[in-house]
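Visitor: Fold the stuff below for me.
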Amino acid sequence: MDSDELDVAIELNSAAQMLQTKFEQQGNAKDIEDAIVLFREALALRTPSHPNRDSFLHNLGIAVKSRFERRGDRKDMDEAIELLNQALVLRASPHPGRDKSLDALALVVSERFKKHRDLKDIDQAVELFEELLTVYTPPHPDHARILINLASSSQLRFQQQGDPKDIQRAVELYREALPLHPLPHRHRGVLLNHLANALKTRFEQQSDSKDLDEAIKFYRESLAIHTSSHHYHVLSLDHLARALQARFEHQGNSKDVDEAIKLHRQALTHHALPHSKQGPSMNNLASALQSRFKQIGNLDDIDETIELHREALLTPLMPSESRGTSLYNLANALRTKFELQGNPKDIDEAIKLHGEALVLHALPHSHHGSSLNTLGRDFYERSKQTGDSTDLDEAIELYRAALVHDTPVHPNCAHCLNNLGAALRTRFERQGDAKDIDEAIELHREALVLHKPPHPQRGTALVNLAIALRSNFRWKGDSKDIDEAIELHRQALVLHATPHPDRSMSLNSLANALIHRFQQWRDFTDINEAIELHRQALALRASPHPARAGCLNNLALVVKMRFDQQKDPKDIDEAIELHREAVLLHEPLHPNRGTYINNLALAVRTRFEEQRDPKDIDEAIALLRETLAFQPPHHPNRDICLNNLANALYQRFLKQGASRDLDEAIELNQEAVNLRKPPHRDRGFSLSTLGRCLAHKYQKACHGEDLNRACSLLQEATAYSVSPPIQRFNAAHSWAWAAGKFHHSSVLAAYHAAIQVLPQLAALYLDLGSRQQIMSTTQVHTLASDAANCAMELGEYDTAVEYLEASRSIFWSQALQLRTPLDTLANVRPDLSVKLTDIARQLEQASFRDASRNVLADSQDKIISIESEGHRCRLLNEQWDEAIKSVQLLPGFENFMRPKGVNALKQAAVSGPIIILTTSASTCFALIITLSNDVQCLRLPQVDLPRVQYLADLSRALSTRASDIEAFVASPEQGNYAEARLKAGREGNVNFDPENTFREFLADLWKNIVKPVFNELSFQKSAGIYGSDVTDCASDYVVSSYTPILTALLDLPVETASKFQMTVIIQPQAPNCLPLPGARDELKKIVQRVPKPWLTAPGDITPATLEPALIHLRESAIMHFACHGTQDLEHPLDSGLILTDDYAPTRRGDGGNPLDIQKYLSLAFLSACETAKGDKTVPDEAMHLAATLLFAGFRGVVATMWTMNDLDGPKVADIIYKHLFKNCDHNSNPPVLPNLTLAAKALHVAVAELRKETDIPFRRWVPFVHYGL
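Guide: This next block holds a predicted model:
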């Protein structure tokens, strides 16, 4: 190229630069067009190999970039980037112009990223700025600018990709730039905003509240710089307001959101029409109002939110980007309003608007995933109201699409995972496809991983996973699911501490999970805690909060559930009142109104079942018919409404007898059964209710097919494994009732099925209080007598014995099972033997735990610890069951740990006949078991259930003071019956003298129960007729002993330990008790009768304490206690002996510090009050200390049924030990030891001697009893 050509290129380039400068100063578009033409001509004169071509490429690129900034044509942006890239390639380091190319290219590619979101652009921008930062080192004047540009690009990349290293880098760079912009630098305010934005963004990702607090601090500093006249003033107002709103949503302090709203309102006044920013300002204010509404619930806030979004859409100068945001926000607000008020127009409009926003947010827009997600949420919420599966499927597809867009590193990924998981869980609950719930749980687990502590959404992620696990538990019944769910809910509650806006939600969610577990296993600590949690949630939702109705409903449901168990009228009245308030808070067309009406109806129906006011049942049926109208065919909740209405009609039929009610109940129940296909969790309940209805139809019409079908349905419900044990037990109980009442051939099979469920009701993994409360329910504690009486009526006496054995003393039978000797198994499968022994040891100790908790006082960490122990117990119980099944598969072990048959049980009668008394409504039976003969059954026609109940109550009164007896016989409930019974004993006026009453009481027992049995056994003479001249009583015929169940008398030790030891524990001065001077006298008597080498008395010189007593309990052949004892009527397993330092309750005699099984012949003498006094609510469970020691392995126990006289202990002890040790010799080789099998005979002799004393009252000698052999 000659010099003329060279000069032309330079001249063209110079002229172009002059035009470009003129354009930048005056803005005339023709100038930049002409400049670009000249730059192109100049470049054409510079061949690719020309050394200065890079400058011409750079200049043309800058000019095209300027035109893009004027016209916005993407072609210009792309061309500018291409030209600047070519120039950069030619300006390889250390080219002196490389920094200019780096700077220009980085700015334009970052700008293209902002427009088109191509990740390659932002990656290149960061890379270019990083290189430029190494060039523009301090004190270069552009160093601060590059710091800010690199920070901004890093923040942009984080927002797109979610890599925490990018936001960390951005914060560091902004911090480095800040000291370079000291006051009064004109850019300091903007830089403070940038740094605050980065800190707020990092807070949103990592949830460190210090970041948000610091961001607010910097926003305030920026606002102080950008005063009202500054063009960045409104921006600073908005930024500070949004940060305050974020802190409110995280911490719940209403002052923050109130200030945010105030600031947004100030910003809006600066953006009056026709300002182009008015729409975004309206959006910001609306967002803050909606946030406050979600926490405080003022409907004016949500209405203003919607109005602002609508106005924002009407602003004339709104750019398309802002319009998409306004559509998105208005749709969200409409959906929120729909969720509260249920107007379908709101959700339909929300779907339409979100659809428009999705078009504006088409790929590769950064909000595309969010738009998919929110549109999916609209379809999901509409499907919850309508039950339309098409909407639900659409929601799932949209959620999946959003998840594809928002990859795991994207900040919105966890939100997408949670929403998709919730939708899949809902579809599972409707359709029962296990793949849906499995995927839902997996998605929620992924979301939780992404929300590591201290992420602000971790609490919500915990709740979502917990709800999915709870749903899985309801269908599959795996205890691990509900235990994990409750633990997760507790963790969430810790994160949502007061005043967190989600605390009420967390309280409700935890309470709901506890109720699901209660419904499965009847742990009453769960329902009590759930009520307290719901009360706390309700307190956070004061009127007029829109969520108050839901909290009222939840609390009412649980209070009613407690009433179902405990029958406190205050509970059902409160539940109805709460339900009525919830219904009143919803307009007639609200989608939740039907649910709330349904729940009110159920509560009113329940009250009718107890109080029998016909107004209640009529109201319940009317309400349920109204509810059914909300649930048309194909609605997912229609089966619930059908079942509830059917049950109400059934209850009215039982009261009023109208056949049309029964027929309609059957029709509705049948439809419910058809909808609840296996494995629907409530199918068993529907089968039961339909079966009961058909049984009553048979009672009216006597069509045999109705009875057959009723029993078949109830049998199916009993066997339906998806149902919790209590439902299966209730179904079996109803089956037994129907089959028994109407003489169906399946009656014994029904009772057998009910008895088989009993151990599951009071399973070992439950704590003591829950097992006791379950066994005290009416249907459970009457099952033994009902089943046995049925068998006896059918002549199945052996079956009656087996039923009684299997259904009485469940508590102790389980303990005995844990202590089954495994020697035979150890010879065959030592591994299984070791495994069972280890599990049994852990289960025995854990099953006696106290799992009570105080939701107000206990920390969630403490409650989680209690829950963890409960979960461990359930796992142990499952392992125990599986191990037993494995053993039963072995040859010769088919009956391992199965209930014993009558032939095995008869071995308990080795020392003499055993008499079992059982009562029905019409009569009483005595089953007589002997070692060699068949079981005999003797009807006692003079005894029926009311009489037995009266005699039991009278015996309790007789054990107390004289005034208590008189009050008992004079009470309205007992007086007439008592007078009639006592008059039957003799002529003349009734004398309520305690001794006379006691005499008549014993005479009644003798004549109508004891004597007929002795006659049947052909016993010849040796509680009877105690007159002044003649005595005829049981002790003249037999030496008596008692046992809770026959199994307790089997496999007892028969050998005496070679190293004989007797321990005497005396406590004459127990804390807070009256002195027992007789205790020392008792010890003196014992010392006179027992050889000194055999005797240990740890309470003789120093006070008796608990732990040494337990040690001696394991090592002694005879344990003698002379101390105070008491029976706790509310908690019988807390009954026991009172020592110096502690209380020795029944539970400590077994599992609190588990005893080794007594391997040798042994005797326990409980010379204390009430050591054989049982519990009125569970009479078949033998909840007293005497039974405890018997089940712990002692062959015999001497105890008292009520308070004993302090003078009598030494007398009885002296005679017993005189009898037992009269032929003993500790000096002989081997020593002559006492024969402890004679303990019952020794007590027999001692009581006889006591009875001979002059004027000795009955209550002095009657209470002494012997348990065991």
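Visitor: and Ile915, which of the three is it?
Guide: strand (DSSP: H, G, I helix; E, B strand; the rest coil).
Visitor: what's the burial count for it?
Guide: Per other C-beta atoms under 10 Å, the neighbour tally for Ile915 reads 20. All C-beta spots, glycine's among them, are computed from the backbone N, C-alpha and C.
Visitor: again with Arg898
Guide: Neighbourhood size, Arg898 [other C-beta under 10 Å]: 10.
Visitor: same question, His140
Guide: Residues lying near His140 (other C-beta under 10 Å) number 13.
Visitor: can you pull the pLDDT of it?
Guide: On pLDDT, His140 comes in at 92.
Visitor: for it, phi and psi?
Guide: Per-residue torsions, His140: phi -60, psi 140 (degrees, to the nearest 10).
Visitor: distance of it from Leu107?
Guide: Distance, His140 to Leu107, by C-beta to C-beta, to the nearest Å: 17 Å.
Visitor: The residue nearest to the spatial centre of the chain is in what secondary structure piece?
Guide: Residue closest to the mean C-alpha point of the chain, counted by C-alpha atoms, centre = their mean, is Leu514 at 2.6 Å. For Leu514, the host element (DSSP states H and E) is helix 503-521.
Visitor: Tell me which residues of that helix come out buried.
Guide: Residues of helix 503-521 classed as buried by neighbour count (16 or more other C-beta atoms under 10 Å): 503-518, 520-521.
Visitor: next one: phi and psi at Gln699?
Guide: phi -60, psi -30.
Visitor: dump the residue contacts of it.
Guide: Lys741, Phe742 (C-beta atoms under 8 Å, 6 or more residues apart in numbering).
Visitor: Kindly recompute the last result at 10 Å.
Guide: Residues near Gln699 by C-beta atoms under 10 Å, 6 or more residues apart in numbering: Leu662, Asp706, Leu707, Ala710, Ala738, Lys741, Phe742.
Visitor: Please confirm that Leu843 is located within a strand.
Guide: No - if the criterion is three-state DSSP, then Leu843 is helix and not within a strand.
Visitor: Now do the helices in the stretch 651-800 of the chain.
Guide: Assigned by DSSP state H, counting those that start in this stretch, the stretch 651-800 of the chain shows helices spanning 659-675, 683-701, 704-719, 725-741, 747-761, 768-775, 778-781, 783-793, 797-807.
Visitor: Name the residues of the next helix or strand after the helix holding Leu514 that come out as buried.
Guide: Downstream of helix 503-521, the next assigned helix or strand under DSSP H and E is helix 524-539. Going by neighbour count (16+ other C-beta under 10 Å), the buried part of helix 524-539 is 524-538.
Visitor: what do you get for stretch 999-1019?
Guide: Quick answer for stretch 999-1019 (16+ other C-beta under 10 Å): 999-1014, 1017, 1019.
Visitor: Inside helices: which ones of those residues?
Guide: Arg999, Glu1000, Phe1001, Leu1002, Ala1003, Asp1004, Leu1005, Lys1011, Pro1012, Val1013, Phe1014, Leu1017 (DSSP state H).
Visitor: Which single one of those residues is nearest to Arg220?
Guide: Here the nearest of these to Arg220, counting by C-beta to C-beta, is Phe1001; it sits at 86.0 Å.
Visitor: how close does the nearest residue to the closest one once chain neighbours are set aside get to Leu1005?
Guide: With C-beta to C-beta, 6 or more residues apart in numbering as the criterion, Phe1001 has its nearest non-adjacent residue at 5.7 Å, and that residue is Leu954. Separation of Leu954 from Leu1005 (C-beta to C-beta): 10 Å.
Visitor: same check, this time on Ala267
Guide: In terms of C-beta to C-beta, Ala267 sits 91 Å off from Leu1005.
Visitor: can you pull out the strands in the chain?
Guide: Here the chain has its strands, by DSSP state E, at 914-919, 924-929, 936-940, 1025-1026, 1031-1032, 1062-1066, 1095-1096, 1118-1122, 1124-1126, 1136-1138, 1143-1145, 1163-1167, 1196-1200, 1264-1268.
Visitor: Of all the ones you listed, which one comes closest to Ser383?
Guide: strand 1143-1145 (54.8 Å).
Visitor: that older thread, show me the one of the helices of the stretch 651-800 of the chain that comes nearest Ser471.
Guide: When those are compared by C-beta to C-beta, helix 683-701 sits nearest Ser471, at 16.5 Å.
Visitor: Okay, angle between that closest one and helix 659-675 too, please.
Guide: Orientation of helix 683-701 against helix 659-675 (axes from the mean of the first three to the mean of the last three C-alpha atoms, to 10 degrees) gives an angle of 150 degrees.
Visitor: Take helix 683-701, keep the C-alpha atoms, and write them as CSV.
Guide: Presented in CSV, the C-alpha positions along helix 683-701 are these (Å, rounded to 0.1, in the frame of the first residue of the first chain):
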residue,chain,number,x,y,z
ARG,A,683,-61.4,-48.6,53.6
GLY,A,684,-61.4,-50.6,56.8
PHE,A,685,-63.4,-47.9,58.5
SER,A,686,-66.0,-47.9,55.7
LEU,A,687,-66.2,-51.7,55.8
SER,A,688,-66.9,-51.6,59.5
THR,A,689,-69.6,-49.0,59.3
LEU,A,690,-71.4,-50.7,56.5
GLY,A,691,-71.1,-54.0,58.4
ARG,A,692,-72.7,-52.5,61.5
CYS,A,693,-75.6,-51.0,59.4
LEU,A,694,-76.3,-54.4,57.8
ALA,A,695,-76.3,-56.1,61.2
HIS,A,696,-79.0,-53.7,62.3
LYS,A,697,-80.9,-54.3,59.1
TYR,A,698,-80.9,-58.0,59.9
GLN,A,699,-82.3,-57.2,63.3
LYS,A,700,-85.3,-55.4,61.8
ALA,A,701,-85.9,-57.6,58.7
